[in-house]
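1. after the sequence you'll find the predicted model.
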Amino acid sequence: MTEHTTTKIAVRGCNIGLMRGGAGRPLLVLHTGGGAGQWLPYMADLAARHDVIVPEHPGFGASDTPDWLDTIPDLANFYLDFLDQLDLNSVDLVGFSIGGWIAAELAVRNTARLNSLTLVGAAGIHVPGVPQVDTFLCSDEQLVRDLFHDQKRADAMLSELKRPELEDTRLKNRTTTAKLVWQPRGYDQHLHKWLHRIGVPTLLVWGANDRLFPKDYAFAWQRLIPGSSVTIIPECGHLPQIEQRQAFIAALEGFLDNERAAA
Amino acid sequence: MKFFNFHLMPYRHADLDAIEKNGSAWVTYSNRDYDPNKGAELYHEYLDQMELADRLGFDGVCLNEHHQTAYGMMPTPGVLAGALARSVKRAKIAILGRALPLLNNPLVIAEEYAMLDNLTRGRFIAGFVRGIGAEYHAMGINPGLSQERFAEAHDMIIRAWTEPGPFQYVGKHYHFNYVNPWPRPYQTPHPPIWIPSQGSSSTIKWAAQMKYTYAQTLAPIAVVARMFQMYRDEAEKAGYQASPDQLAWSNTIYVAETDEQAMREARPHLEALTNRFLKMPTEMLLPPGYSNIESIKRIRAAKITGKPQTLDDLVRNGVVIVGSPNTVREKLAEYQDLAGFNTSLTKTQFGTMADEQTRANMAAIAQEILPHFRDRLPQGKRQAAAE
């Protein structure tokens, strides 16, 4: 497994956790509402060819919960500061679920430091008439089950989450997630109006069996972001990077290779 | 002691098996099961009971606010308080309370409460609550903003009642160029403010500091006593001695000729209230952000949402008082002395209980209990603090 470092850094007075490993062009990962967690196998895979940077959002895990944190756009603006501070350029930005929402808000504001954008099972817009599970009005167990297509993967994650030392982090992450997405539930009613401003190559990766943001969402994003492409991963729920890691890595690396060849 | 007749106004014809199957009477229990003909009858039946409470000598009647549930049919309690303002001639009318954070414009509460205070010529008591967790699912309000919205709405309402308008209000959640409600409250400086709570330590501390009457909701008497002691301690820290008049216990009382008869008659209705109408899963009761993480861990560890409770449990723990007149008098006196309160917020109708039985209970309480407590204050160590 590729080596990585875990540190804390301060961005305009807000301390956040930061994992970083590998070498190459910077690839910034914005995590789901579940938190940054540990250095996961998909991060190690990507670190073989990229400088993989995984910050922990303000309000999550070991990061501070600053007074200014109320909305997803707050985090988008925070990560623009983050990019400036680390002076990152030609960044391949990859956002998962609510991390995808942050990434899209960021890209609508400013793509100057971006090379590409990849949204995976992203929150942020609303598609009428597509049934979605309510991740807040369900038990802790059902919440995990709804993330996966293959329930054996859910079983594995459920036994992992039983570790009592994770409870505080889990409650903190869930509290912050609820504050960010509760109403309107999982979207900003104004974001869709401005997605045409995203001028960098964009990939949309979706699990074919995503119950939180079903794959209709991938095609809705595609219609709103000019020139974007969609990869649907079969036999896969809300977390392709975990449930179908190889297919996910192949889709992302293929997209990044194509863009590099075209550039 | 003062007695208030507290009505939850349950949809008492609810299908208890359907509630059980759904897992809760809240938010997701389909309103297909609401029959408007029966519902309309219930509103009048319950309002009639409130008017009867006034005639029987209760000191007040209480309403409250809950949303999208068969547990209580009072999403807008002001409508019912308005209906009672002219027919309840003597007793006070309390709304315990309106859930401030659920409104995007809490100025309407300043207006509504001021209207009720005028209509009743100062017989109105203003309750403020955050609403329970289920309300945040039902009303689409962010539970993570609940505490700050409550604080801001409260401050804005008090200013609206006490500062001459118009003035500008600029907060984080609420913004008004003109705060200038007509009418102003009838009472000076404003109606008494009561704060019902399940027992949050920060709420108790704040209520004590503000000298607001604290009302403890459904809890075993030992817990009630602990919460009331916390209030007295906080009052002392704030530099004054709390009066028992600042403490109200929300309870349920049922009186019949004998203990055995009372238990038999109350059982199905109280068990329906506790195990059906009140039941909800943890994720509904405690949405993330509604309470701080320490409170959530404590409540989850206690697993309070799961266990079915029998009437015997409720009686043994002093959550309710059920029995012969003598038993009820003894227990109420014991609990008053233990916890040091001087107001009893008493549900006389509960769960599925029908009109005739409710009226008999109300009459028995008025005849057998009220006169014995009219001038009674908490005895023993609490007496010193009584007014």
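-> Sure thing, it's come through.

2. helices of chain A, start to end?
-> A:41-47, A:72-86, A:98-109, A:140-145, A:151-161, A:167-181, A:216-224, A:240-243, A:245-262 (DSSP state H).

3. pick the most buried one from those.
-> helix A:98-109 (a mean of 26; mean count of other Cβ atoms under 10 Å in any protein chain shown). In short, each C-beta sits where N, CA and C put it, glycine included.

4. just checking, what packs against it?
-> strand A:25-30, helix A:72-86, strand A:91-96, strand A:114-120, helix A:167-181 (3 or more Cβ pairs under 8 Å, 6 or more residues apart in numbering or on different chains; DSSP states H and E).

5. okay, angle between the worst-scoring helix or strand of chain B on mean pLDDT and helix A:167-181 too, please.
-> Here the helix or strand of chain B ranked lowest by mean pLDDT, DSSP states H and E is helix B:293-302, holding a mean of 77. For helix B:293-302 against helix A:167-181, the angle by axes from the mean of the first three to the mean of the last three Cα atoms, to 10 degrees is 120 degrees.

6. chain B versus residue A:40, what's the distance?
-> As for residue A:40, its distance to chain B is 24 Å (criterion: Cβ to the nearest Cβ, to the nearest Å).

7. can you tell me which residue of chain B sits closest to chain A?
-> Going by Cβ to the nearest Cβ, chain A is nearest to residue B:144 of chain B, at 3.2 Å.

8. which ones are touching that residue?
-> A:175, A:176, A:178, A:179, A:182, B:288, B:289, B:290 (Cβ atoms under 8 Å, 6 or more residues apart in numbering or on different chains).

9. you'd agree it is in a helix?
-> Yes - if the criterion is DSSP: H, G, I helix; E, B strand; the rest coil, then residue B:144 is within a helix.

10. below-threshold pLDDT in the stretch 101-250 of chain B: ranges please.
-> Regions of the stretch 101-250 of chain B meeting the criterion pLDDT under 70 are absent.

11. just checking, residue B:97 touches residue B:64?
-> Yes - look at residue B:97 against residue B:64 with Cβ atoms under 8 Å: they come within range, at 6.8 Å.

12. overlap of the contact sets of the two?
-> With contacts taken as Cβ under 8 Å, 6+ apart, residue B:97 and residue B:64 have B:127, B:129, B:196 as neighbours in common.

13. distance of the residue of chain B closest to chain A from residue B:68?
-> Separation of residue B:144 from residue B:68 (Cβ to Cβ, to the nearest Å): 20 Å.

14. do residue A:148 as well
-> Residue A:148 is 31 Å from residue B:68, by Cβ to Cβ.

15. who has more neighbours, those two?
-> residue A:148 (23 against 17; other Cβ atoms under 10 Å in any protein chain shown).

16. contact partners for that one?
-> A:154, A:157, A:237, A:238, A:239, A:243.

17. give me that answer again for 6 Å
-> Residue A:148 makes contact with A:154, A:237, A:243 under the criterion Cβ atoms under 6 Å, 6 or more residues apart in numbering or on different chains.

18. what parts of the stretch 151-263 of chain A come near chain B?
-> By Cβ under 6 Å from any Cβ of the partner chain, the part of the stretch 151-263 of chain A that sits against chain B consists of A:171, A:174, A:175, A:178, A:179, A:182, A:183.

19. need the next SSE after the least confident helix or strand of chain B, C-terminal direction.
-> Using DSSP states H and E, the next helix or strand after helix B:293-302 towards the C-terminus is helix B:311-316.

20. state the mean pLDDT of that following helix.
-> What helix B:311-316 shows for mean pLDDT is 96.

21. ok, and what's touching it?
-> B:267, B:270, B:271, B:320, B:322.

22. which among these gets closest to residue B:121?
-> residue B:320 (34.3 Å; Cβ to Cβ).

23. from the chain's centroid, how far away is stretch B:131-140?
-> On the basis of Cα atoms, centre = their mean, to the nearest Å, stretch B:131-140 sits 16 Å off its chain's mean C-alpha point.

24. and that stretch, what's buried?
-> In terms of neighbour count (16 or more other Cβ atoms under 10 Å in any protein chain shown), stretch B:131-140 has its buried residues at B:131, B:132, B:133, B:134, B:135, B:136, B:137, B:138, B:139.

25. do that stretch and chain A meet?
-> Yes - counting by Cβ under 6 Å from any Cβ, chain A is contacted by stretch B:131-140 at B:137, B:140.

26. would you mind listing the outside residues contacting that stretch?
-> A:137, A:183, B:26-27, B:67-68, B:99, B:102, B:143, B:280, B:284-287, B:290.

27. one step back: mind putting the helices of chain A in a markdown table, distance to residue B:216 included?
-> Formatted as a markdown table, these follow (distance: least, Cβ to Cβ, whole Å):
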| stretch | distance to residue B:216 |
| --- | --- |
| helix A:41-47 | 51 |
| helix A:72-86 | 38 |
| helix A:98-109 | 39 |
| helix A:140-145 | 30 |
| helix A:151-161 | 35 |
| helix A:167-181 | 26 |
| helix A:216-224 | 47 |
| helix A:240-243 | 46 |
| helix A:245-262 | 53 |
